[in-house]
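Undergrad: no sequence on this one, just coordinates:
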């Protein structure tokens, strides 16, 4: 019987390597991992950063909690165990895209520190940029773009992060953006600058400080 | 409580669309799905086709059974149910790459017709090219590149496709390659020609009939 930690499964040698893809693309692959409460601006930020990167000619993808829960992770709910498996799968997919030479932006609440650290551990140091979208719950709840806080307060959604399920603030993320108060353009620029500083890609001079 | 078929999960509007990515890349995204017995040449073919496509400047990725079973699908075994879930996840990941503008080559035994048809149904018609790697089990077993047939015959691996677990031959695949007898170059060329015929990408004249 095959065991689930399958010694019988042998990896095939790859000829189009990550390095060849990155050389072709003119930039490195990387994972920019946004974490924060529902309503803290993760998806908006991810798509805005992507717009800038795509505009500069880079290969990008956004992996978005809402999107993946309709597809890859649609068998999962919101229990601690399912949240862990959700983030594990997202981490593996992000790694596949990164190895294909893409700058990956992920937008998941990803409330547990250990799960985020597991993803960090999957890839090389320098490949993973954790961005804490720091917005007070009062601000997120006032925004409530999907009406979820209202439902959670009414008891219509259990295990809702920040209300009936914990959020573990990152100890030492690469970036903290004040996405509760700062303008989105400021937050986008902070992320773009970090990507540049780390040499993941080179921005043409003109487009550098131009995010909306 | 969130249900698992989550009405509360709302999709975020995307601004860097598939079309914008494809226009940038100069070719369409697509899924080339190789299916066949262990040892029928799926991975070798996938990596060889990728080498040609990458050489032409196209964005590509290979999703390989052996590779993914170390990562995204490492919680799964080889029971019918786990094989189904394995292929479901691979289909979802292939779709993500295709929507990111990539030509995806998948190399999975994917023994069940229904599972392959489910993946086909995930994407638009014309996005999915099923390639049946048609090699007789005697040939695959004689090759036995990973020593798996030997182990299966010795009873050391249960649920082994072709021996103790079924393989359902495709009824009407887009391509059948005679990967048991034909030279690899012939099989690669057949796939490249189909990709060209479907307008997924345009090959420079010189590189067209040049696969090894």
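TA: Happy to help now that I have it. Predicted model only: the values in this text are computed from it and were never measured.

Undergrad: now check the lowest-mean-pLDDT helix or strand in chain A, is it near chain B?
TA: Sorting the helices and strands of chain A by mean pLDDT, DSSP states H and E puts helix A:65-68 at the bottom, at a mean of 88. Yes: judged by Cβ under 8 Å from any Cβ of the partner chain, helix A:65-68 and chain B are in contact via A:65, A:66, A:67. Any C-beta I mention is one placed from the backbone N, CA and C, and that applies to glycine too.

Undergrad: how about the strands in chain A?
TA: Assigned by DSSP state E, the strands in chain A fall at A:30-35, A:60-64, A:103-107, A:128-133, A:175-177.

Undergrad: Going by neighbour count, which residues in stretch A:188-206 are buried?
TA: Within stretch A:188-206, the residues scored as buried using 16 or more other Cβ atoms under 10 Å in any protein chain shown are A:188, A:189, A:190, A:191, A:192, A:194, A:195, A:200, A:201, A:203.

Undergrad: and what of stretch A:64-78?
TA: Here stretch A:64-78 shows A:64, A:65, A:66, A:67, A:68, A:69, A:72, A:73, A:76, A:77, A:78 as buried, counting by 16+ other Cβ under 10 Å.

Undergrad: Looks like the third one contacts residue A:46 (just checking).
TA: No: between residue A:66 and residue A:46 there is no contact, the gap being 11.3 Å when judged by Cβ atoms under 8 Å.

Undergrad: quick revisit: looking at the buried residues of stretch A:64-78, which two lie furthest apart in space?
TA: Taking Cβ to Cβ, the two most distant members of those are A:64 and A:77; they sit 17.9 Å apart.

Undergrad: Closest one to residue B:133 out of the buried residues of stretch A:64-78, please.
TA: Nearest to residue B:133 out of the buried residues of stretch A:64-78 is residue A:72 (Cβ to Cβ; 25.7 Å).

Undergrad: can you pull the contacts of that closest one?
TA: The neighbours of residue A:72, taking Cβ atoms under 8 Å, 6 or more residues apart in numbering or on different chains as the test, are A:89, A:90, A:93, B:89, B:92, B:93, B:96.

Undergrad: Could you pick out the longest helix of chain A?
TA: Among the segments of chain A that qualify as a helix by DSSP state H, the longest is helix A:80-99.

Undergrad: rewinding a little: could I get the strands of chain A as CSV with mean pLDDT and distance to chain B?
TA: Shown next, in CSV, are the strands of chain A (pLDDT from 0 to 100; distance: least, Cβ to the nearest Cβ, whole Å):
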stretch, mean pLDDT, distance to chain B
strand A:30-35, 98, 12
strand A:60-64, 97, 5
strand A:103-107, 98, 8
strand A:128-133, 98, 14
strand A:175-177, 98, 18
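
Undergrad: for these, which one sits closest to residue A:140?
TA: When those are compared by Cβ to Cβ, strand A:128-133 sits nearest residue A:140, at 9.5 Å.

Undergrad: name the helices or strands packed onto that closest one?
TA: Taking 3 or more Cβ pairs under 8 Å, 6 or more residues apart in numbering or on different chains; DSSP states H and E as contact, the helices and strands that strand A:128-133 lies on are strand A:30-35, helix A:42-55, helix A:113-122, strand A:175-177, helix A:184-197.

Undergrad: Quick one: these as TSV, columns for distance to residue B:146 too.
TA: TSV is the format used below for the helices and strands packed on strand A:128-133 (distance: least, Cβ to Cβ, whole Å):
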stretch	distance to residue B:146
strand A:30-35	31
helix A:42-55	40
helix A:113-122	25
strand A:175-177	44
helix A:184-197	40
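
Undergrad: Out of the ones you listed, the one nearest residue B:108 is which?
TA: Comparing the helices and strands packed on strand A:128-133 by Cβ to Cβ, helix A:113-122 comes nearest, at 21.6 Å.

Undergrad: Among the helices and strands packed on strand A:128-133, show me which one is buried the most.
TA: Ranked by mean neighbour count, the helices and strands packed on strand A:128-133 are led by strand A:30-35 with a mean of 28 (mean count of other Cβ atoms under 10 Å in any protein chain shown).

Undergrad: Quick one: residues in contact with that one.
TA: The contact list for strand A:30-35 (Cβ under 8 Å, 6+ apart) reads A:42, A:45-46, A:49, A:94-95, A:98, A:103-111, A:116, A:119-120, A:123, A:126-133, A:170, A:173, A:191, A:195, A:198, A:200.
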